[in-house]
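# could you look at this predicted model? Sequence included:
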Amino acid sequence: MSERNVVWHEGGVTREQRPSLGATVWFTGLSGSGKSTVAVIAERLLVERGVTAYRLDGDNVRLGLNGDLGFGAEDRTENIRRVGEVARLFADAGVVAIVPVISPYRADRDRVRALHARDGLPFLEVFVDTPIEECERRDPKGLYAKARRGEIGDFTGISAPYEAPEKPELRLTPADGDPEQQAERLLALLETMVGEG
Ligand SMILES: Nc1ncnc2c1ncn2[C@@H]1O[C@H](COP(=O)(O)OS(=O)(=O)O)[C@@H](OP(=O)(O)O)[C@H]1O
Ligand SMILES: Nc1ncnc2c1ncn2[C@@H]1O[C@H](COP(=O)(O)OP(=O)(O)O)[C@@H](O)[C@H]1O
């Protein structure tokens, strides 16, 4: 920002000069919906096909870069802002950034979408639309049980909101098959958007 005496410094490499075109695949959905499972498979399939892909998992990023953030609304917004900026850098560098994060607020996700659109970078929002009853039945980390007992506050879907996307590029439901089939659907769509996958 100019009032901070900081100005953008142009580089000498165009996007076309880089070995590959990047993109961001942004997963959103409740805890336990299957975001990480599908993201892990999608990353593996892409790498097996020679595409440079890298996963920025919500839990993992919160163990490092975003270790200072909690789960209140403001911290979640900051979490998504930072992960979104990192994903944009990856995409600009020619990497397919795969980002499974709850990202419960529509406005936060839309800001990340706009950030990519501004730079002409492909952004694919994947809504992992698993009903909360099913997520709670799975409860692989026991978090829903803790939230029900009041041991975790601000828990998405229980004591904090989740705003579903209105127009995601892809919506995955349990009826779409197993996670491998869901990942294949995603890659087919990615291929139509960036010619990769
Ligand atoms: N209060 C509360 N609400 C939701 N989730 C919680 C909470 N506390 C801890 N966890 C764990 O944090 C993971 C979600 O982190 P995210 O960075 O994806 O969340 S957010 O996008 O900032 O909302 C989430 O991972 P996933 O289950 O993979 O979604 C949980 O393991
Ligand atoms: N399509 C699916 N069908 C059945 N179970 C699934 C499916 N996708 C994920 N799971 C299971 O649901 C649980 C939560 O998945 P996970 O990927 O960790 O969700 P999230 O990252 O959204 O919290 C895991 O135990 C996983 O094995």
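Perfect, thanks for sending it. Numbering: from 1, shown residues only. Ligands and ions are numbered 1, 2, ... in the order given.

# a helix runs through residue 153, doesn't it?
No. Under DSSP: H, G, I helix; E, B strand; the rest coil, residue 153 falls outside any helix and is assigned coil.

# quick one: residues contacting it.
Shown here is residue 153, whose contacts under the criterion C-beta atoms under 8 Å, 6 or more residues apart in numbering are 71, 159. Quick note: C-beta positions are derived from backbone N, CA and C, even for glycine.

# does the one helix or strand residue 183 maps to come close to ligand 2?
For residue 183, the element it lies in under DSSP states H and E is helix 179-194. Yes. Looking at helix 179-194 against ligand 2 by C-beta under 6 Å from any ligand atom, the contacts come from residue 179.

# and that helix, what's buried?
Neighbour counts over helix 179-194 (16 or more other C-beta atoms under 10 Å) mark 179, 182, 183, 184, 185, 186, 187, 189, 190, 194 as buried.

# could I get these as CSV with distance to ligand 1?
Formatted as CSV, the entries for the buried residues of helix 179-194 read as follows, by distance: C-beta to the nearest ligand atom, whole Å:
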residue, distance to ligand 1
179, 14
182, 16
183, 16
184, 21
185, 20
186, 17
187, 21
189, 22
190, 21
194, 24
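
# in the protein, spot the helix with the most residues.
Looking across the chain with DSSP state H, the single longest helix is helix 73-93.

# pull it out as PDB, backbone CA atoms only.
Written as PDB, here are the backbone C-alpha positions of helix 73-93 (Å, rounded to 0.1, in the frame of the first residue of the first chain):
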ATOM      1  CA  ALA A  73     -14.900 -15.600  13.200                       C
ATOM      2  CA  GLU A  74     -12.100 -13.000  12.900                       C
ATOM      3  CA  ASP A  75      -9.400 -15.700  13.200                       C
ATOM      4  CA  ARG A  76     -11.100 -17.900  10.600                       C
ATOM      5  CA  THR A  77     -11.200 -14.900   8.200                       C
ATOM      6  CA  GLU A  78      -7.500 -14.200   8.700                       C
ATOM      7  CA  ASN A  79      -6.800 -18.000   8.300                       C
ATOM      8  CA  ILE A  80      -8.500 -18.000   4.900                       C
ATOM      9  CA  ARG A  81      -6.900 -14.700   3.800                       C
ATOM     10  CA  ARG A  82      -3.400 -16.100   4.500                       C
ATOM     11  CA  VAL A  83      -4.100 -19.600   3.000                       C
ATOM     12  CA  GLY A  84      -5.700 -17.800   0.000                       C
ATOM     13  CA  GLU A  85      -2.700 -15.600  -0.500                       C
ATOM     14  CA  VAL A  86      -0.300 -18.600  -0.300                       C
ATOM     15  CA  ALA A  87      -2.500 -20.600  -2.800                       C
ATOM     16  CA  ARG A  88      -2.400 -17.600  -5.200                       C
ATOM     17  CA  LEU A  89       1.400 -17.500  -5.000                       C
ATOM     18  CA  PHE A  90       1.600 -21.300  -5.700                       C
ATOM     19  CA  ALA A  91      -0.800 -20.900  -8.600                       C
ATOM     20  CA  ASP A  92       1.200 -18.000 -10.000                       C
ATOM     21  CA  ALA A  93       4.300 -20.100  -9.700                       C
END
